[in-house]
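>>> Next come a sequence and a model predicted from it.
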Amino acid sequence: MRNDLIILMGMPRSGTSWLGKIFDSHPDTLYRHEPDSAQRIRGIPIFADVAHAPQYLDVITDVVNKLPGAWLSNVAATLPVFRKSYYAHPQFLLRKCGILATKLGARILGELPVPEVIDLRQVPQLLPVWKSIESLGRLGVLCRSLPACRAVLILRHPCGYVASVLRGEAKGKFNSSSPAHEDLGLFEMLMELPQAATYGLCIERIKGMHPVERLAWSWVLHNEKAMNDVIGMRNCSPIRYEDLCSDPMAYAATLFEFSGLDWNEQTEAFIRQSTASDKSSYYSIFKDPLKSANKWKAELAPADIERVIAVIRDTGPGRLYAGHA
């Protein structure tokens, strides 16, 4: 296995799954979908201090080395399935059948291991792709501990994030027993960040806020920590979801070049296919990208849009969207 790695990080509902599948469509990549959500990383705080990066190296190395063996269906069997350069044609057919059978079985029995037809650890050209919404607060530590990696931090317009979260909660799409704006345990951890002190935030102030304001502050603090932690690091590229949506082909080519990947017909075909239709499924990656990027403008009430903009206006991540309300 090559020593480098591609890391795709962002908040939930920020386009990470579509971006992940764009990278999965490359014949040389090995895509792992949120392995740190399926099996939590122990030994590294959710919001890790970059000053302590050296002490987390052994844990990070272990996590990366285990990526080829992360075979649960929700991690290793996301659809669609792409041809890979490291599978001969019969191996690919076996692999695809195994994935489809595992996903069907998982509907009845729960998550199952996906059968592997080769030893992935012995594939020299294989490039792992780790997509995560769990480890955004660890991004700076990961980039320092893995200097050969290439990381992409994707941000979505805060109104788009808020609207998507509210829509998902209304449809019962999340496993959490309480809405995101009521996750006071998470907010208590966020209040310990220096970014929270910068804005004069405390847990009592958060408790007194409107739910939309809480979600907007969560967006600010998560993204600002990640952005601050990778300032000046050449192995991390922050991007906006809206820019990817505006010209998916060109932007994907730029990200591939940054990641050391060549352009290929399979990726081009996937981008055309995924942007040519607009499926209604909440988690679908087959969507009209510009419609998806701007959906919040019709979904959020004007008062809620004003609440979000008031929160993010003078923040670091918010400046990326100045004039885009």
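On my side now, so go ahead. Numbering: from 1, shown residues only.
>>> List the buried residues in the longest helix belonging to the chain.
Secondary structure of the chain read by DSSP state H shows that its longest helix is helix 89-109. For helix 89-109, the neighbour count (16 or more other Cβ atoms under 10 Å) marks 92, 94-96, 98-99, 102-103, 106 as buried. Glycine gets a C-beta too; all of them are placed from N, C-alpha and C.
>>> Could you single out the nearest of the residues you listed to A293?
K103 (29.0 Å; Cβ to Cβ).
>>> okay, stretch 262-281 in CSV with CA atoms only?
Only the C-alpha atoms of stretch 262-281 are listed here, as CSV (Å, rounded to 0.1, in the frame of the first residue of the first chain):
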residue,chain,number,x,y,z
ASP,A,262,-4.7,11.5,-13.1
TRP,A,263,-8.0,12.3,-14.8
ASN,A,264,-10.0,9.3,-16.2
GLU,A,265,-13.1,8.4,-18.2
GLN,A,266,-14.8,6.6,-15.3
THR,A,267,-14.8,9.7,-13.1
GLU,A,268,-16.0,11.9,-16.0
ALA,A,269,-18.8,9.5,-16.7
PHE,A,270,-19.8,9.4,-13.0
ILE,A,271,-19.9,13.2,-12.7
ARG,A,272,-22.1,13.4,-15.8
GLN,A,273,-24.4,10.7,-14.5
SER,A,274,-24.7,12.1,-10.9
THR,A,275,-25.5,15.6,-12.1
ALA,A,276,-27.9,14.7,-14.9
SER,A,277,-30.7,13.6,-12.6
ASP,A,278,-32.3,14.8,-9.5
LYS,A,279,-33.5,12.0,-7.2
SER,A,280,-35.7,13.0,-4.3
SER,A,281,-34.0,10.6,-1.8
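>>> any residues touching that stretch, and which ones?
18, 21-22, 25-27, 80, 82-83, 248-249, 252-253, 256, 285-289, 291 (Cβ atoms under 8 Å, 6 or more residues apart in numbering).
>>> repeat that with 10 Å
18, 21-29, 80, 82-85, 173, 245, 248-249, 251-253, 256-257, 261, 284-292 (Cβ atoms under 10 Å, 6 or more residues apart in numbering).
>>> Tell me which of those fall in strands.
In strands, judged by DSSP state E, the following of the contacts of stretch 262-281 are found: T29.
>>> Drop anything exposed from the contacts of stretch 262-281.
With neighbours counted using 16+ other Cβ under 10 Å, these contain these buried positions: 18, 21-29, 82, 84, 245, 248, 251-253, 256, 261, 285, 287-289, 292.
>>> Do me a favour and get the end-to-end distance for stretch 35-54?
End-to-end distance for stretch 35-54, by Cα to Cα, to the nearest Å: 22 Å.
>>> average pLDDT across it?
Stretch 35-54 carries an average pLDDT of 95.
>>> buried set for that stretch?
Under 16+ other Cβ under 10 Å, the buried positions of stretch 35-54 are 35-38, 41, 44, 47-50, 53.
>>> Distance from the chain centre to the longest helix of the chain, please.
24 Å (Cα atoms, centre = their mean, to the nearest Å).
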